[in-house]
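Colleague: Pasting the sequence and the predicted model now:
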Amino acid sequence: MYDHAFAQLSGFHCSAKRSEWSCRGAQALECIWPLKQRFIQGCASARSCFPKSCWAPFHCRMLRNALGKTFRFLGYTVQYGCIAHCAFEYLGGIVVCSGPSMEPTIQNSDVVFSENLSRHFYCIRKGDIVIVKSPNDPKSNICKRVIGLEGDKVCTSNPSDFLKSHSYVPKGHVWLEGDNLRNSTDSRCYGPVPYGLIRGRICLKIWPLNDFGFLRASPNGHRFLDD
Amino acid sequence: RKASTSITSEPVLVAHWLLKKTHSAQSPRNPEQKIIKRVIALEGDIIKTIGYKKKYVKVPHGHIWVEGDHHGHSFDSNAFGPVSLGLLHARATHILWPPQRWQKLQPMLPPERKPLRREQE
């Protein structure tokens, strides 16, 4: 008995609620409707008030606005493009390395930061890791460690070779070697590389995060010959 | 494939004035200096050299052979060997200064400097 009554009560409650909702919806509609009507009326009145000749300059202004916006946008694009170009050319950028030739220092697909200022000021020293345009393929870049600068004596033979051969780096060139001496195509293969091919010096490792910071010294320190 | 890309050899002082769209290369010996030369051979060509350590040279992959027009008085590939393409900067098209010599630079190859064998593609 009670149950039934309760059900009835709840049912009633529900219906009441629904009706309330519907009421609100209707109110909302009523709210919107006059606005819309008012807007249409307003438009019509505006059109009737202003003669057609007044509409033409309005169009012109809109066109001018649009053109101005486009030109401003183009100007900003050019400006920021120039800034970005200068930054990438003279300051440095973020480089993703790939390949096994620098293995203990830089792993495959590490992200590093390279700075180009030291190339422009000619302050690249022995032991720096540099990004160089490949001497055989100008479209690709390689990443190697500077073993010798111009006038230095370098060991040109592989570490496994029995006979060691030495030579001097010619003027305006650098001697590059990968840290992974067994699996690296470097100056031992194509000889000294002109300084003009150097693009930048790698100074920071960014990714992976647990290895963030400056790069480690060369694992083959014996390749540096001091004389 | 074009036989000879024009690289002019004007005196370098003039070259700095005539840089409109020049084909000049960074010197392999001195990176601070730019030189302006004529391309004689492209990669894969065999060239007879003048006073280089080897008499015949096959230009390696990714390199070019450049020479000045004034043979014997030019510091060019006969002194430092083939030049890497990555050192190339621009192509010289016009002489702008002095004005009485204002002209377009023609890509031409001296007949006696033709490569002995051209790479077939």
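Modeller: All right, it came through fine.
Colleague: low-scoring stretches of chain B, by residue?
Modeller: B:1-24, B:119-121 (pLDDT under 70).
Colleague: Would you map the helices across it?
Modeller: Under the criterion DSSP state H, helices of chain B are mapped to B:12-18, B:77-80.
Colleague: could I have the shortest one exported to CSV, CA atoms only?
Modeller: So the one you mean is helix B:77-80. C-alpha atoms of helix B:77-80 as CSV (Å, rounded to 0.1, in the frame of the first residue of the first chain):
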residue,chain,number,x,y,z
SER,B,77,92.3,23.3,-58.0
ASN,B,78,95.7,22.8,-59.6
ALA,B,79,97.1,23.9,-56.2
PHE,B,80,94.6,22.5,-53.7
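Colleague: Tell me which other helices or strands that helix touches.
Modeller: strand B:63-67 (3 or more Cβ pairs under 8 Å, 6 or more residues apart in numbering or on different chains; DSSP states H and E). Where you see a C-beta, it was placed from the backbone N, CA and C, and this is true even at glycine.
Colleague: again, 10 Å this time
Modeller: strand B:38-41, strand B:63-67 (3 or more Cβ pairs under 10 Å, 6 or more residues apart in numbering or on different chains; DSSP states H and E).
Colleague: Can you add distance to chain A and give the ones you listed back as JSON lines?
Modeller: Shown next, in JSON lines, are those (distance: least, Cβ to the nearest Cβ, whole Å):
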{"stretch": "strand B:38-41", "distance to chain A": "14"}
{"stretch": "strand B:63-67", "distance to chain A": "8"}
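Colleague: got those as TSV, with distance to residue A:83 columns?
Modeller: TSV is the format used below for those (distance: least, Cβ to Cβ, whole Å):
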stretch	distance to residue A:83
strand B:38-41	35
strand B:63-67	34
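Colleague: Mind putting the ones you listed into CSV with mean neighbour count?
Modeller: Formatted as CSV, the helices and strands packed on helix B:77-80 follow (neighbours: other Cβ atoms under 10 Å in any protein chain shown):
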stretch, mean neighbour count
strand B:38-41, 25
strand B:63-67, 25
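Colleague: gap between residue B:63 and residue B:31?
Modeller: 17 Å (Cβ to Cβ, to the nearest Å).
Colleague: What of residue A:213?
Modeller: 30 Å.
Colleague: Between the two, point out the one with more neighbours.
Modeller: Taking neighbours as other Cβ atoms under 10 Å in any protein chain shown, residue A:213 and residue B:31 compare with residue B:31 leading, 21 against 9.
Colleague: I figured that one hits residue A:194, correct?
Modeller: Yes: between residue B:31 and residue A:194 there is a contact under Cβ atoms under 10 Å: 7.0 Å.
Colleague: Need the overlap of contacts for these two.
Modeller: Residues touching both residue B:31 and residue A:194 (Cβ atoms under 10 Å, 6 or more residues apart in numbering or on different chains): A:172, A:173, A:174, B:87.
Colleague: Enumerate every residue touching the last one.
Modeller: Translated: residue B:87. A:133, A:135, A:138, A:194-197, B:24-28, B:31, B:34-35, B:63-64, B:66.
Colleague: In strands, which of those residues appear?
Modeller: A:133, A:194, B:24, B:25, B:26, B:34, B:35, B:63, B:64, B:66 (DSSP state E).
Colleague: Pick out the residue closest to the middle of chain A.
Modeller: Closest to where the C-alpha atoms of chain A average out (Cα atoms, centre = their mean) is residue A:94, at 7.1 Å.
Colleague: ok, that one to residue A:122 distance?
Modeller: For residue A:94 relative to residue A:122 (Cβ to Cβ), the value is 24 Å.
Colleague: does any bit of stretch A:181-198 sit next to chain B?
Modeller: Yes: counting by Cβ under 10 Å from any Cβ of the partner chain, chain B has neighbours in stretch A:181-198: A:190, A:191, A:192, A:193, A:194, A:195, A:196, A:197, A:198.
Colleague: Can you get me a residue count around residue B:42?
Modeller: Neighbours of residue B:42 (other Cβ under 10 Å): 20.
Colleague: Setting the sequence-adjacent residues aside, check what's closest to residue A:217.
Modeller: Closest residue to residue A:217 apart from its sequence neighbours, by Cβ to Cβ, 6 or more residues apart in numbering or on different chains: residue A:127 at 6.8 Å.
Colleague: just checking, that neighbour touches residue A:145?
Modeller: Yes: the pair residue A:127 / residue A:145 is scored as a contact, 6.8 Å apart, by Cβ under 10 Å.
Colleague: More neighbours: which of the two?
Modeller: Using other Cβ under 10 Å, the more surrounded residue of residue A:127 and residue A:145 is residue A:145, with 28 against 13.
Colleague: who are the neighbours in contact with the more buried one?
Modeller: A:101-102, A:105-106, A:126-130, A:175-179, A:184, A:186, A:202, A:215, A:217-220, A:223-224.
Colleague: Look up how far chain A lies from residue B:73.
Modeller: 20 Å (Cβ to the nearest Cβ, to the nearest Å).
Colleague: coming back round to it: quick check: which helices or strands does whatever helix or strand the residue nearest to the centre of chain A lives in pack against?
Modeller: Using DSSP states H and E, residue A:94 maps to strand A:92-96. Contacts defined by 3+ Cβ pairs under 10 Å, 6+ apart place strand A:92-96 against strand A:111-115, helix A:117-120, strand A:198-207.
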